[in-house]
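> fold the stuff below for me.
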Amino acid sequence: MAQTTDELQRFVREALARGIERDRIETALTEAGWPPEQAAAALAAWADTDLPLPVPRPRPSLSAREAFLYLLMFTTLILSAVNLGELVFRIVDHAIPDPAAPRFGAWLLDAVRRNIATLVVAFPIFLLVARHLGRETRRDPTKRMSAVRRWLTYLTLFLAAGVLIADLSTLVFNLLGGELTVRFVLKVLTVGAIAGTIFGYYLHDLRREEREP
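From the prediction side, this is the model:
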């Protein structure tokens with residue numbers, strides 16, 4: 001894969017050095033079978049200047065500090081999502097009690113406090129780190145292409161998609177069995193809302209990157 005990418009970069013560099021227009025280069029690459037986003041990314045690696053030689057743009061790099069921040073951001077996001085879902089579940093259980101289930105005792109109160117404590121700590125950290133990384137990315141757009149960021153984003157998308165599929169499957173299963181209750185529907189909607197929000201936000205973010213290589 002690395003060798004193929006190097007060949008693509010060499011071709012684009014030589015084509016630009018010969019004065020061939022970018023649109024013609026991109027058309028030739030797509031007609032040859034290269035994915036449009038890969039062709040656009042290869043062209044975006046070279047600045048559009050009046051100089052007779054192609055001028056390379058700075059390539060994305062990732063420091064250990066940035067890797068730590070991205071890991072911290074996505075970890076606190078997942079912690080916040082899980083604990084928010086559990087907190088809503090327990091509120092639903094308290095509001096619509098099930099006679100066959102244990103009553104809202106001391107152990108449930110401890111669980112609620114644990115959920116709230118995790119949210120109070122994790123969610124502000126997620127917001128602060130996300131804001132900080134957003135400012136750094138606006139100053140240096142090449143950081144959006146960092147490998148750790150993209151891998152963690154796709155991993156988050158995968159997890160959110162898996163949760164949504166399982167959520168919908170459970171809903172359909174219970175619907176076909178005629179076992180829908182208000183408690184169950186509220187919990188399914190909670191999981192769908194949390195996972196759907198995360199999935200939609202990061203999918204939109206990745207699509208925006210593809211439109212603006």
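> from the contact counts, what lies against the strand or helix carrying residue 80?
If you go by DSSP states H and E, residue 80 is part of helix 64-95. On a contact count with 3 or more Cβ pairs under 8 Å, 6 or more residues apart in numbering; DSSP states H and E, helix 64-95 meets helix 106-139, helix 147-176, helix 182-211. For the C-beta atoms, the positions are set from N, CA and C on the backbone; glycine is no exception.
> average pLDDT for the first one?
Right, the one you point to is helix 106-139. On average, the pLDDT along helix 106-139 is 88.
> that helix to helix 64-95, inter-axis angle?
140 degrees (axes from the mean of the first three to the mean of the last three Cα atoms, to 10 degrees).
> if we can go back for a sec, what angle do the helix holding residue 80 and helix 147-176 make?
Going by the same axes, to 10 degrees, helix 64-95 makes 20 degrees with helix 147-176.
> report the buried residues of helix 64-95.
By neighbour count on 16 or more other Cβ atoms under 10 Å, the buried set for helix 64-95 is 66, 69-70, 72-74, 76-81, 83-90, 92-93.
> circling back to that earlier point, adding mean neighbour count, write the helices and strands packed on helix 64-95 out as CSV.
As requested, these are arranged in CSV below (neighbours: other Cβ atoms under 10 Å):
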stretch, mean neighbour count
helix 106-139, 14
helix 147-176, 15
helix 182-211, 15
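> possible to save those helices as TSV with distance to residue 38?
Shown next, in TSV, are the helices and strands packed on helix 64-95 (distance: least, Cβ to Cβ, whole Å):
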stretch	distance to residue 38
helix 106-139	22
helix 147-176	14
helix 182-211	10
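> of those, which is nearest residue 30?
Closest to residue 30 of the helices and strands packed on helix 64-95 is helix 182-211 (Cβ to Cβ; 14.5 Å).
> now the closest one: mean pLDDT?
85.
> and the nearest residue to residue 130 once chain neighbours are set aside, how far is that from residue 9?
Distance criterion Cβ to Cβ, 6 or more residues apart in numbering; nearest residue to residue 130, sequence neighbours excluded, is residue 73 at 5.5 Å. Residue 73 sits 31 Å away from residue 9, going by Cβ to Cβ, to the nearest Å.
> what's the answer for residue 54, then?
10 Å.
> when the two are compared, which one has more neighbours?
residue 54 (18 against 15; other Cβ atoms under 10 Å).
> report the contact partners of that one.
Applying Cβ atoms under 8 Å, 6 or more residues apart in numbering to residue 54 gives the contacts 12-13, 16-17, 46-47.
> which of these sit farthest apart?
Among these, 17 and 47 lie farthest apart (Cβ to Cβ), at 13.2 Å.
> domains of the protein?
Taking automatic domain parsing as the domain assignment, the ranges for the chain are 2-56, 64-211.
> centre of the chain to the longest one, how far?
Same thing as domain 64-211. 12 Å (Cα atoms, centre = their mean, to the nearest Å).
> stretch 9-29 too?
Its chain's average C-alpha position is 32 Å from that of stretch 9-29, according to Cα atoms, centre = their mean.
> now stretch 49-60
Offset of stretch 49-60 from its chain centre (Cα atoms, centre = their mean): 30 Å.
> could you find the closest non-adjacent residue to residue 72?
Residue 72 sits nearest to residue 129 (Cβ to Cβ, 6+ apart), 5.5 Å away.
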